[in-house]
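Enquirer: no sequence on hand, only this structure:
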Ligand SMILES: O=C(O)CCC(=O)C(=O)O
Ligand SMILES: [Fe+2]
């Protein structure tokens with residue numbers, strides 16, 4: 001059977017989706033960096049059976065002997081990792097030694113090496129020039145023969161943590177490559193080889209978004225010593241993007257083409273994008289940060305383009321509804337959009353009802369019809385052949401046309417067992433979506449946000465109740481930065497308290 005014709009709306013949404021996929025940026029950066037001999041000193045505490053009065057030892061990574069490194073290795077504790085909310089010691093998953101930050105001192109000053117600018121140029125292109133990146137020293141890891149670390153994602157330690165940095169010291173070794181996997185792609189950084197080729201004192205480095213899965217392959221000889229850092233970006237208070245025009249233009253062109261097309265949502269509406277990367281969420285009961293400038297890679301580009309075009313992009317957590325109760329009605333609610341992180345589901349209560357009570361917006365998907373020539377009929381792309389516009393007993397707060405779909409039942413949490421490098425603290429990864437408000441044809445592009453609000457063809461009711469544009473100058477606690485919303489903020493707070 002011939003594949004069914006794609007509806008004009010789906011074709012337009014696909015144009016945007018392709019442009020986003022084209023905008024993909026590498027989620028990591030790696031290489032070697034020349035440093036001075038003086039940057040390579042390490043002081044560490046040798047363990048004493050009794051504890052406290054342990055001797056201090058010293059080595060320089062440029063000249064360290066096997067004996068020096070063996071002593072360092074013996075001074076380490078066995079490295080644990082996070083499995084859900086527990087720190088676990090399991091040598092079938094992670095075999096390595098580690099020293100906590102309080103047990104060693106290194107002379108390398110990462111903020112002085114120029115490495116953070118380089119990382120920022122690759123991973124935080126959207127940050128305004130005034131923003132800075134901070135590297136928080138985390139742990140020293142020592143991998144002897146056969147040591148390794150199985151695939152995991154680094155545990156998020158705050159909303160503004162965007163990445164991880166691994167510095168590899170120049171000790172002779174083989175194996176211990178770092179492999180990263182992301183969206184079906186794989187990259188390997190063999191720091192041992194890279195360092196071998198470098199003349200003079202150097203370090204190997206690799207920085208990546210911390211939601212990128214990574215592993216360390218077994219070391220086959222020598223000692224591999226790494227220093228890890230958590231990377232944070234400061235929330236910015238200046239106007240949005242600093243993206244290079246070249247990388248933006250493709251996505252912007254696609255947006256412009258679609259918006260100029262009079263058949264694309266002629267009366268206006270909402271368009272949804274599943275964000276490509278995962279982000280640390282604030283703790284339960286807190287509002288999502290308005291720090292949408294801390295988005296990563298292609299998500300940052302999408303946000304920048306939408307802001308640039310005055311499209312009122314807003315970030316939400318999406319809770320999908322999968323268990324429809326058709327016996328009750330023909331209602332078709334696809335899910336709820338929340339700008340807060342809900343508390344856990346109390347037993348026996350309807351989670352979606354609670355989300356709604358707390359201020360979540362119920363969402364239906366705009367029906368996209370396609371024509372099948374062979375059968376000479378129109379059908380609904382999502383396979384639902386009931387005409388739910390007629391039967392929909394519960395009207396969703398809004399209909400969204402999805403450019404890219406979020407499908408999981410609940411997407412606020414990384415599903416199943418979470419392997420991290422530390423037991424989860426107050427943050428966990430969540431998937432977000434961005435909803436963009438599109439004005440009616442003739443009033444959508446080049447109009448200011450306030451023009452769009454008043455006359456975009458979206459019903460007044462929608463304007464009042466639904467998505468309010470995020471105040472981009474908002475601070476961490478999102479709604480506190482939203483001046484117009486004091487009433488609903490209070491409501492939402494009360495409702496959250498009752499969760
Ligand atoms: O030592 C390394 O190369 C990576 C360590 C790591 O992935 C971690 O500590 O989370
Ligand atoms: Fe890691």
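Expert: Arrived safely, thanks for sending. As the structure is a computational prediction, the values presented were derived from the model and not from experiment. Numbers count the residues shown, from 1 in each chain. Ligands and ions are numbered 1, 2, ... in the order given.
Enquirer: any idea of the pLDDT on the residue lying closest to residue 280 once chain neighbours are set aside?
Expert: Closest residue to residue 280 apart from its sequence neighbours, by C-beta to C-beta, 6 or more residues apart in numbering: residue 156 at 3.3 Å. (Each C-beta comes from the backbone N, C-alpha and C, glycine too.) With respect to pLDDT, residue 156 scores 83.
Enquirer: torsion angles phi and psi at residue 156?
Expert: Dihedral angles of residue 156 (phi, psi; degrees, to the nearest 10) stand at phi -70, psi 140.
Enquirer: residue 104: what's it in contact with?
Expert: Residue 104 makes contacts with 42, 43, 44, 45, 140, as judged by C-beta atoms under 8 Å, 6 or more residues apart in numbering.
Enquirer: can you rerun that using 7 Å?
Expert: When contacts are counted by C-beta atoms under 7 Å, 6 or more residues apart in numbering, residue 104 touches 42, 43, 44, 140.
Enquirer: tell me the bridge partners for the third one.
Expert: When bridges are taken as DSSP bridges, the partners of residue 44 come out as residue 57, residue 104.
Enquirer: in the stretch 101-250 of the chain, which spans are helices?
Expert: 115-123, 191-197, 245-260 (DSSP state H, counting those that start in this stretch).
Enquirer: residues in contact with the longest one: which ones?
Expert: In this structure, residues lying in contact with helix 245-260 by C-beta under 7 Å, 6+ apart are 12, 15-16, 19-20, 22-23, 264, 301-302, 304-305, 309, 444-445.
Enquirer: just the buried ones from these, in ChimeraX syntax?
Expert: In ChimeraX, a selection of the buried entries from these looks like this (16 or more other C-beta atoms under 10 Å):
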select :12,15,16,19,20,23,264,301,302,304,305,309,444,445
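Enquirer: how much space separates the residue in the stretch 51-200 of the chain that ligand 2 sits nearest to from residue 166?
Expert: Relative to ligand 2, the nearest point of the stretch 51-200 of the chain is residue 154 (4.4 Å; C-beta to the ion). For residue 154, the distance to residue 166 equals 10 Å [C-beta to C-beta, to the nearest Å].
Enquirer: these two - which one has more neighbours?
Expert: Between residue 154 and residue 166, counted using other C-beta atoms under 10 Å, residue 154 has the larger neighbour count: 25 against 22.
Enquirer: now for the contacts of helix 245-260: which two are most distant?
Expert: Across the contacts of helix 245-260, no pair lies farther apart than 22 and 444, at 22.8 Å, counting by C-beta to C-beta.
Enquirer: and the protein, what are its domains?
Expert: Using automatic domain parsing, the domain ranges for the chain come out as 8-24+240-498, 28-233.
Enquirer: how many neighbours does the nearest residue to residue 101 once chain neighbours are set aside have?
Expert: Nearest residue to residue 101, sequence neighbours excluded (C-beta to C-beta, 6+ apart): residue 137, at 5.5 Å. Residues within reach of residue 137, counting by other C-beta under 10 Å, total 17.
Enquirer: residue 137 contacts residue 230, doesn't it?
Expert: No. In this structure, residue 137 is not within contact of residue 230 by C-beta atoms under 7 Å, at 8.5 Å.
Enquirer: and residue 342, helix, strand or coil?
Expert: Of the three states, residue 342 takes coil under DSSP: H, G, I helix; E, B strand; the rest coil.
Enquirer: what about residue 315, which helix or strand?
Expert: strand 314-320 (DSSP states H and E).
Enquirer: what about that strand, average pLDDT?
Expert: Across strand 314-320, pLDDT averages out at 83.
Enquirer: next SSE after it?
Expert: Proceeding N to C from strand 314-320, the next assigned helix or strand is strand 335-338, under DSSP H and E.
Enquirer: for whichever helix or strand comes after that following strand, which positions count as buried?
Expert: Following strand 335-338 in sequence order, the next helix or strand is helix 351-357 (DSSP H and E). Neighbour-count burial for helix 351-357, counted by 16+ other C-beta under 10 Å, picks out 351, 352, 354, 355, 356, 357.
Enquirer: circling back: which secondary structure elements does the strand holding residue 315 contact?
Expert: strand 335-338, strand 429-438 (3 or more C-beta pairs under 7 Å, 6 or more residues apart in numbering; DSSP states H and E).
Enquirer: what sits against the residue in the stretch 151-300 of the chain that ligand 1 sits nearest to?
Expert: Closest to ligand 1 within the stretch 151-300 of the chain is residue 226: 3.7 Å, counting by C-beta to the nearest ligand atom. The contact partners of residue 226, by C-beta under 7 Å, 6+ apart, come to 141, 166, 167, 168.
Enquirer: swap the cut-off to 10 Å and go again
Expert: The neighbours of residue 226, taking C-beta atoms under 10 Å, 6 or more residues apart in numbering as the test, are 96, 98, 139-143, 149, 165-169, 176, 178, 191, 203-206, 216.
Enquirer: just the ones of those in strands?
Expert: Of those, the ones assigned to strands by DSSP state E are 98, 139-143, 149, 165-168, 178, 203-206, 216.
Enquirer: only the buried subset of those, as a PyMOL command please.
Expert: Per 16+ other C-beta under 10 Å, the buried members of the ones in strands among the contacts of residue 226 correspond to this PyMOL selection:
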select buried, resi 98+139+140+141+142+143+149+165+166+167+168+178+203+204+205+206+216
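Enquirer: same for ligand 1: which of the ones in strands among the contacts of residue 226 are within range?
Expert: 141, 149, 166, 178, 216 (C-beta under 6 Å from any ligand atom).
Enquirer: any idea which of those residues is closest to residue 294?
Expert: Using C-beta to C-beta, residue 166 is the member of those that sits closest to residue 294, with 21.3 Å.
Enquirer: measure the residue of the stretch 151-300 of the chain closest to ligand 1 to residue 124 for me?
Expert: Using C-beta to C-beta, residue 226 is found at 22 Å from residue 124.
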